[in-house]
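1. kindly return the folded structure for what I paste below:
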Amino acid sequence: MNWDLLLSFVPQLVAGLPVTLSILVCSLAIGLVLGALLCWARMRRAPVIAQAADFYVLFFRGTPLLVQLFAIYYGLGQFEVVRDSFAWPLLREAWFCAVLALGLNSAAFTSEIMRGGIIGVERGQIEAAEAYGFSRLQIARLVLGPQAVRFALPSYSNETILMLKGTALASTISIMDLTGIARKLSALHFAPFESFIAAGGIYLVLAMVLTLSYSAIEKRLAWERERKTNVSPV
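-> The predicted structure is shown next:
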């Protein structure tokens with residue numbers, strides 16, 4: 001392996017980080033908002049809405065992300081109604097299609113993570129809050145929300161890292177992200193090993209930063225909970 005060549009690739013690969021991170025952040029934002037709506041629909045158990053939400057989760061969790069990406073980028077343009085719609089200026093852009101595909105996929109997993117966090121809260125605590133006369137909003141804000149977040153955070157950190165790795169698929173639709181630049185360098189220098197090892201190292205560093213960040217948040221939440229539990233009554 002040519003270490004000098006590998007190290008020379010790093011600055012060029014770092015130039016693709018803004019694209020990779022923009023796709024990651026935007027897709028996670030879409031996944032978080034849509035995932036919350038799906039979780040609400042599934043928890044409400046209204047017949048039609050809940051079944052539609054369950055099918056959505058089943059579809060996006062059960063099909064490959066690459067297939068979903070290709071279906072959106074290559075498939076939607078085949079329909080005239082889509083090409084004539086107001087959304088076409090966005091849907092013909094590779095970056096937006098990548099964000100949309102990853103966001104829709106993330107929403108399915110995020111809704112399941114949120115649902116697991118809510119189910120993890122003991123029913124007795126909710127009943128106790130209702131007995132004290134708490135409104136639904138107060139129960140969600142003071143009882144259900146904080147505990148559900150604490151239960152769901154470890155799983156959501158895994159989802160974030162999976163989405164980070166999923167952004168690499170954006171290179172298959174001509175986006176020059178971190179992986180896209182690695183592919184270009186591999187073709188130009190006939191050095192696939194060096195280019196992808198360098199890219200893999202950068203992904204590893206990003207994953208470590210995300211892991212440490214979520215770990216710090218978890219410790220902070222645990223500390224806050226312990227502090228409130230140990231507060232002595234005056």
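
2. drop to CA atoms for contacts and neighbour counts, all remaining ones
-> Fine.

3. from the centroid of this protein, which residue is nearest?
-> Geometric centre of the chain, nearest residue: Leu28, 3.9 Å, by C-alpha atoms, centre = their mean.

4. which element is it on?
-> Leu28 is part of helix 17-44 when elements are defined by DSSP states H and E.

5. helices or strands up against that helix?
-> Counting contacts by 3 or more C-alpha pairs under 8 Å, 6 or more residues apart in numbering; DSSP states H and E, helix 17-44 packs against helix 47-62, helix 94-119, helix 145-166, helix 178-189.

6. what's the domain layout of this protein?
-> Listed domain ranges for the chain are 1-16+177-227, 17-175 (source: automatic domain parsing).

7. circling back: and the helices and strands packed on helix 17-44: which comes nearest Ala207?
-> Closest approach to Ala207 among the helices and strands packed on helix 17-44 (C-alpha to C-alpha): helix 145-166, 6.1 Å.

8. show me what counts as buried in that closest one.
-> Residues of helix 145-166 classed as buried: 145-153, 155-157, 159-161, 163-166 (neighbour count, 16 or more other C-alpha atoms under 10 Å).

9. next one: stretch 194-212
-> Buried residues in stretch 194-212, defined by neighbour count with 16+ other C-alpha under 10 Å: Glu194, Ser195, Phe196, Ala198, Ala199, Gly200, Ile202, Tyr203, Leu206, Ala207, Leu210, Thr211.

10. need the contact partners of that stretch.
-> 1-3, 5-7, 9-10, 13-14, 157, 160-161, 164-165, 178-179, 182-183, 185-186 (C-alpha atoms under 8 Å, 6 or more residues apart in numbering).

11. which of those residues are buried? Put it as a PyMOL command.
-> Entered in PyMOL, the line below selects the buried ones among the contacts of stretch 194-212, by 16+ other C-alpha under 10 Å:
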select buried, resi 6+9+10+13+14+157+160+161+164+165+178+179+182+183+185+186
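
12. biggest helix in this protein by residues?
-> Ranked by residue count under DSSP state H, the longest helix found in the chain is helix 192-229.

13. how far does that helix sit from its chain's centre?
-> Its chain's C-alpha centre and that of helix 192-229 lie 14 Å apart, by C-alpha atoms, centre = their mean, to the nearest Å.

14. quick check: angle from it to helix 17-44?
-> Angle, helix 192-229 to helix 17-44, by axes from the mean of the first three to the mean of the last three C-alpha atoms, to 10 degrees: 50 degrees.

15. kindly provide the distance from the closest residue to Ala53 other than its chain neighbours to Leu28.
-> Nearest residue to Ala53, sequence neighbours excluded (C-alpha to C-alpha, 6 or more residues apart in numbering): Leu38, at 5.7 Å. As judged by C-alpha to C-alpha, to the nearest Å, Leu38 and Leu28 stand 15 Å apart.

16. also Gln51?
-> To Leu28, Gln51 is 24 Å away according to C-alpha to C-alpha.

17. same question for Phe109.
-> Here Phe109 is placed at a distance of 11 Å from Leu28 (C-alpha to C-alpha).
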